[in-house]
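Trainee: Following is a predicted model, sequence given first.
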Amino acid sequence: MKVQIWSDVMCPFCYIGKRRFEQALQQLDSKADIEVEWKSFQLNPHLKTDPSLNVTQYLADIKGWTIDHARQMNHHVTEMAAEVGLTYDMDKAVVANSFDAHRFAHLAKQNGKGDEAEEALFNAYFTQGKNIADHDALAELGEAIGLDKTLVKQTLATDEYAADVNADVMQAQRYGISGVPFFVLDNKYGVSGAQAVPVFLQTLEKAHQEWALDNKPAKLDIIEGDSCGVDGDC
């Protein structure tokens, strides 16, 4: 059963949602049946990368908040992240356009490293303070998860996977997704936001039960005849 997850690297709730979903998935008896596919979403596609810009000031500017309120919000999400074992350092976060990071994620997905890429990108942005728009930084992340560093740099130097990112964004629009994280289970159930673990688990169980009924092996009407059995009797 496929679970599609739309997210953006710069979204603090997306990393928290990833952890809570993973915790729910670990409690699912049928977790081996679940295939997770990450999808691209850009909260601010027109954002210009500016490593010199303080992320607190950036939030205050785009949200119309005071600096103090922006700091309070960063502190709030940092505490939420800590509850699921994540360490956020918002003071180090680099304001960066995420489009090339999404292209990198698609390259990784093509090579069977989709989940590893998402984890690496979130960690790079929220914990390590790396510029996720920088091609050298992305190449290093790729090498760390088992991708060829040169391949990453060569790919990012072109427009490869740009169409894939845009296709994900368009699919999100068709679903009516206006915020992330957003989880689509078996193309039937949508879960918006970094929900509590029990919410994820309950929805996973419901979706899987229905999926299992729809995908159970066909029962054949058998016309018996002379044959040999697995025990050697003929």
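Mentor: Arrived safely.
Trainee: Low-confidence regions, this protein specifically.
Mentor: Regions of the chain meeting the criterion pLDDT under 70 cover residues 217-218, 232, 234.
Trainee: Which parts of the protein are helices?
Mentor: For the chain, applying DSSP state H gives helices covering 12-27, 55-63, 67-83, 99-110, 114-123, 135-144, 149-156, 162-175, 197-214.
Trainee: Dump those helices to TSV, plus distance to Ile5 and mean neighbour count.
Mentor: Heads up, the C-betas are built off the backbone N, CA and C, glycines and all. Listed next are those as TSV, based on distance: least, Cβ to Cβ, whole Å; neighbours: other Cβ atoms under 10 Å:
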stretch	distance to Ile5	mean neighbour count
helix 12-27	7	20
helix 55-63	23	16
helix 67-83	17	15
helix 99-110	11	23
helix 114-123	8	21
helix 135-144	19	19
helix 149-156	22	17
helix 162-175	11	15
helix 197-214	11	16
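Trainee: Asp186: which of those is closest?
Mentor: For the helices of the chain, proximity to Asp186 was assessed by Cβ to Cβ; helix 197-214 is nearest, at 4.9 Å.
Trainee: counting contacts, what elements does the closest one pack onto?
Mentor: With contacts taken as 3 or more Cβ pairs under 8 Å, 6 or more residues apart in numbering; DSSP states H and E, helix 197-214 sits against helix 12-27, strand 182-185, strand 189-192.
Trainee: one more time with 6 Å, if that's ok
Mentor: Packing partners of helix 197-214 (3 or more Cβ pairs under 6 Å, 6 or more residues apart in numbering; DSSP states H and E): helix 12-27, strand 189-192.
Trainee: show me the contacts for the most centrally placed residue in the chain.
Mentor: In the chain, the centroid-proximal residue (Cα atoms, centre = their mean) is Trp38; its distance is 4.4 Å. Shown here is Trp38, whose contacts under the criterion Cβ atoms under 6 Å, 6 or more residues apart in numbering are 5, 114, 118.
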